[in-house]
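Novice: Predicted model and sequence follow; I will ask about them next.
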Amino acid sequence: MIERLLINRAYARLWCGGQISQLGDFVFDTTVLLWIATVVAKGQSWAPVAGSGVLIAAVVPVLVVSPFAGVYVDRWNPKRTMLVSDALRGLLVGTLVVLALLPGGSVSMVGRLVWIYTVVFLCSVVSRFFQPARLSIVADLVPAEAQAKASSLSGVSSSIAGLIGPALAAPLLFTAGVQWAMALNAASFAGSFLFVALVPYRRAAKAGEETGTTPERPGMRSELAAGIRVVWRSQVLRVLVVCALIANLGGGLLATLNVFFVENNLHTDTKFYGLLATCTAVGDLIGALVSATVAARLGVNRAFTYTLAMCGALLLLYARQTEFAVAATLFILMALPISILNVAITPILVEATPRELLGRVAGVIQPLTQATDLIGMALAGYLASTVLRGFHHRVLGVWMGTYDLIFTGAGLLFILGGVVAWRGLRSPSVTPDADGPSPDPDRILLGVTEAASDVA
């Protein structure tokens, strides 16, 4: 029964390990942001900047490390890469347990921030190797006809973790203490390690290995260039990347300042901030269950376009809210179109990319899309702490404050992404790679239409 539900025994173990790890990650992410905003930098005028700093520390490695990590992941055994990654991240998060247990005053405020930022940064560096390795091992373990189902299951897994983790984080922080949230995440990496270790996996032989010969390996620059060419010559991937750049800029603004929006605009204690992330997970879970049907009925291009624009419209409504209950409902509704967007990405990536280039292509796309997250986070912290601090004026006849003005801009960015998708995905095609065979665009679109997936 479990094998039919989770495709096969190997993938079932991989999925269970991912579920445990993601639960710990959601607790960790929410706790760290709350820890900085309400404890470490409490009452400081630069608290928004400190909050954006931890998010920036997580994103910078995506820009700097991902391209090189993708090259090495294509060379290494993906299972071994995942095991080493889990072990390293568990040890790194364990040091934050030590920090939380140190007596007050033994480490300065700046020292605590540097310690937290360093751990978040290094964990993100290690994750740049873990994620493409997981994508590679899924591509090897799951038959082509079940790739869409695997992506859908990943989305459900992430939604379940997002539903439980943030709601658990705030009570752990404000009652038991931050050390328990950190310990839970460290333990989650141990659980993931055990399940990955149990996955029966043997790497597919590469060219020349069957005969005992090893072909000359091109240099790092050549391998990176090969990944860039695959993305550049696929119109479908190009348009998706451009839309993601626009939407992620808006997402970075929202992610950085939402904890302050809850306190200042929704007039709600920050201990309830985690409930909004839980609402997002509820919407994600519903979206993961219905997205394949929606995409099949609308067509993947229209679904992608409409949901981008819909998310922008909902974010414009969210920016005007003053009641927590209404804002929470809108968060659920915003998560639905985002989930439908996500279901398309992994099957497109797997279908459009030669297996031996999968890590490199992922390593090219991740920095491009996350770069705007970094810009959005930095811009949000700067605007809220300096230029727009204390802002309260009429804008086009509507009274706006610091956070609702910034969120209005984020909503307009999502709508702009929908316009770009409408113009660019009306006649999708894939340009053949001059250096080798390219995927059939009709096959790509069919796979996406029937798919439900999650972006790692």
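Specialist: Cool, got the structure.

Novice: Could you use CA atoms for every contact and neighbour count after this?
Specialist: Will do.

Novice: Where does the prediction get shaky in the stretch 251-400 of the chain?
Specialist: 292, 295-296, 299-300, 343-363 (pLDDT under 70).

Novice: now with 90?
Specialist: 251-308, 321-322, 331-332, 334-400 (pLDDT under 90).

Novice: in the longest helix anywhere in the chain, what's buried?
Specialist: Ordering each helix of the chain by length in residues (DSSP state H) puts helix 109-141 first. Neighbour counts over helix 109-141 (16 or more other Cα atoms under 10 Å) mark 112-113, 115-139, 141 as buried.

Novice: Which strands or helices does it pack on?
Specialist: helix 9-35, helix 47-64, helix 66-75, helix 78-101, helix 358-382 (3 or more Cα pairs under 8 Å, 6 or more residues apart in numbering; DSSP states H and E).

Novice: quick one: the third one to chain centroid distance?
Specialist: Which is helix 66-75. Relative to the centre of its chain, helix 66-75 is centred 18 Å away, using Cα atoms, centre = their mean, to the nearest Å.

Novice: what does the second one give?
Specialist: Averaged C-alpha coordinates place helix 47-64 at 14 Å from its chain's average position (Cα atoms, centre = their mean).

Novice: cool, the last one as well?
Specialist: In terms of Cα atoms, centre = their mean, the gap separating the centre of helix 358-382 from the centre of its chain is 10 Å.

Novice: Over to stretch 173-189?
Specialist: Taking Cα atoms, centre = their mean, one finds stretch 173-189 lying 21 Å from the centre of the chain it belongs to.

Novice: ok so, going back, starting at the chain centroid, how far to the longest helix of the chain?
Specialist: Relative to where its chain is centred, helix 109-141 has its mean C-alpha point 12 Å off (Cα atoms, centre = their mean).

Novice: and what of stretch 318-336?
Specialist: Relative to the centre of its chain, stretch 318-336 is centred 21 Å away, using Cα atoms, centre = their mean.

Novice: Output it as PDB, nothing but the C-alphas.
Specialist: Taking C-alpha atoms only, stretch 318-336 is exported to PDB below (Å, rounded to 0.1, in the frame of the first residue of the first chain):
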ATOM      1  CA  TYR A 318      -3.500  42.000   1.900                       C
ATOM      2  CA  ALA A 319      -1.600  45.300   2.000                       C
ATOM      3  CA  ARG A 320      -4.800  47.100   3.000                       C
ATOM      4  CA  GLN A 321      -5.700  44.900   5.900                       C
ATOM      5  CA  THR A 322      -5.900  45.900   9.600                       C
ATOM      6  CA  GLU A 323      -7.600  42.700  10.900                       C
ATOM      7  CA  PHE A 324      -5.500  39.600  11.600                       C
ATOM      8  CA  ALA A 325      -8.300  37.100  10.700                       C
ATOM      9  CA  VAL A 326      -8.900  38.600   7.300                       C
ATOM     10  CA  ALA A 327      -5.200  38.800   6.600                       C
ATOM     11  CA  ALA A 328      -4.800  35.100   7.500                       C
ATOM     12  CA  THR A 329      -7.600  34.200   5.100                       C
ATOM     13  CA  LEU A 330      -5.900  36.100   2.300                       C
ATOM     14  CA  PHE A 331      -2.700  34.300   3.100                       C
ATOM     15  CA  ILE A 332      -4.400  31.000   2.500                       C
ATOM     16  CA  LEU A 333      -5.800  32.300  -0.800                       C
ATOM     17  CA  MET A 334      -2.400  33.600  -1.900                       C
ATOM     18  CA  ALA A 335      -0.800  30.300  -1.300                       C
ATOM     19  CA  LEU A 336      -3.200  28.500  -3.700                       C
END
